[in-house]
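Visitor: give me coordinates for this.
(one chain, ligands or ions: 3)
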Amino acid sequence: MRIGILTSGGDCPGLNAVIRGAVLKGTEINDQEFVGFKDGWRGVVAGDIRPLERSDVRGIAKQGGTILGTSRTNPFEGNGGPERIQETLDRLGIDAIIAIGGEGTLAAAKRLTDAGLKIVGVPKTVDNDLDATDYTFGFDTAVEIATEAMDRLRTTGDSHSRCMVAEVMGRHVGWIALHSGMAAGAHAILIPEQKTSMEQVAEWVRSAADRGRAPLVVVAEGFTPDHADDAHSERGLDAFGRPRLGGIGERLAPMIEEITGIETRATTLGHIQRGGVPTAYDRVLATRLGMAASDIVQEGAWGRMVALRGTEIETVGFEEALGKLKTVPQHRYDEAAMLFG
Ligand SMILES: Nc1ncnc2c1ncn2[C@@H]1O[C@H](COP(=O)(O)OP(=O)(O)OP(=O)(O)O)[C@@H](O)[C@H]1O
Ligand SMILES: O=P(O)(O)OC[C@H]1O[C@](O)(CO)[C@@H](O)[C@@H]1O
Ligand SMILES: [Mg+2]
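Guide: Ligands and ions are numbered 1, 2, ... in the order given. All right, here's what the predicted structure looks like:
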């Protein structure tokens, strides 16, 4: 069987480990051949492929980014759509697709599978917001990077007796903020799931400062203060027409300074959280998911994706996988909030 692999949506540390896992298991055990689609669905629609043999994936498990490139191209637009894509696959002699991506990529994969294409999925997102899998690779790496950055912000904050605001990714959910904030001992963690007033934030900041600590406030990019209706956006729309987030930390800093009188600085970590080498945990998880993706192609489990449940890799239908976002539950927020202030 000849399989095309694609990576789509935002990149994520561990994508290359998935590709390597699938190619090694597929070529060694499952008698499969592989090609790579360049730049996500763009490569599928354009029939733009590259070789993906065993020698092409040598040593890439530790490499950040994706050797295939990625995009936010919609496979239903332009020359896309299921019939044309099937014609392209037939022309290229490709029997099936492994789509590695987040909820958007998998939603597109579901629509194409419903129209008869042979696709299996591998979930990816640094945000960790897919409910059907316990953890997504990339999340652990993002949390490590954010935690290290916060440790550094704390020492400079301590030296200057300043309040430091650290903004992390997390469009709809606050998992990166919650985990990195807990690990770094943040005095407030602000997440999309919990609207919070500026007075409350100021109270936590003051309380930490009163104890002689330099306050650390962690904010997820998708956080909405209780005086606002939507998450802060100042960078226009992405390729799919959604507001690009980022910048809430810089908005909060002067407000905190004004209410508390404590000098406040903001740092936006941004794409640093998605770059560079994956942690060992993410490499192992991604490799196992890639190997399992090769297996479910062999089984012809079209319309299903691989997922981590506990410590085992299982499979889930796209429908179930796309049903629900995994938000931070109230008890996890309350647990972290006991340490605020
Ligand atoms: N419901 C949908 N139907 C068809 N195409 C979709 C759908 N949702 C998203 N897409 C397409 O899939 C692309 C990838 O989705 P998206 O940009 O949300 O990335 P993702 O895979 O969810 O990863 P990320 O975690 O970075 O958001 C989108 O840019 C869009 O073109
Ligand atoms: O890289 P882009 O297209 O700016 O996307 C950023 C978005 O992607 C994510 O990193 C998820 O992949 C979100 O946390 C963030 O909102
Ligand atoms: Mg998405």
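
Visitor: closest point of the stretch 151-300 of the chain to ligand 1, which residue?
Guide: Scanning the stretch 151-300 of the chain for the residue nearest ligand 1 gives residue 240, at 3.8 Å (criterion: C-beta to the nearest ligand atom). For the C-beta atoms, the positions are set from N, CA and C on the backbone; glycine is no exception.

Visitor: that residue: neighbouring residues, count only.
Guide: 11 (other C-beta atoms under 10 Å).

Visitor: same question for residue 216.
Guide: Neighbour count of residue 216, defined by other C-beta under 10 Å: 24.

Visitor: and if you look at the one 3 residues further on?
Guide: Applying the criterion other C-beta under 10 Å, we find 31 residues in the vicinity of residue 219.

Visitor: sorry, back to before: name the nearest residue to the residue of the stretch 151-300 of the chain closest to ligand 1, ignoring sequence neighbours.
Guide: Closest residue to residue 240 apart from its sequence neighbours, by C-beta to C-beta, 6 or more residues apart in numbering: residue 72 at 5.5 Å.

Visitor: ok, now how distant is that neighbour from ligand 2?
Guide: From residue 72 over to ligand 2 the distance is 7 Å, taken as C-beta to the nearest ligand atom, to the nearest Å.

Visitor: and the one helix or strand in the chain whose mean pLDDT sits lowest, what does it pack against?
Guide: Every helix and strand in the chain was compared by mean pLDDT, DSSP states H and E; the lowest is helix 318-322, with a mean of 90. Packing partners of helix 318-322 (3 or more C-beta pairs under 8 Å, 6 or more residues apart in numbering; DSSP states H and E): helix 103-114, strand 119-123, strand 304-309.

Visitor: ok, which of these comes nearest ligand 1?
Guide: helix 103-114 (2.0 Å).

Visitor: how far off centre is the closest one?
Guide: Centroid displacement of helix 103-114 relative to its chain, using C-alpha atoms, centre = their mean, to the nearest Å, is 17 Å.

Visitor: got the contact list for whatever residue of the stretch 51-200 of the chain ends up closest to ligand 2?
Guide: Nearest residue of the stretch 51-200 of the chain to ligand 2, counting by C-beta to the nearest ligand atom: residue 169, 3.4 Å away. Residues near residue 169 by C-beta atoms under 8 Å, 6 or more residues apart in numbering: 126, 127, 142, 176, 220, 221, 269, 270, 273, 274.

Visitor: do residue 332 as well
Guide: Residues in contact with residue 332 (C-beta under 8 Å, 6+ apart) are residue 178.

Visitor: please, which helix or strand holds it?
Guide: helix 330-337 (DSSP states H and E).
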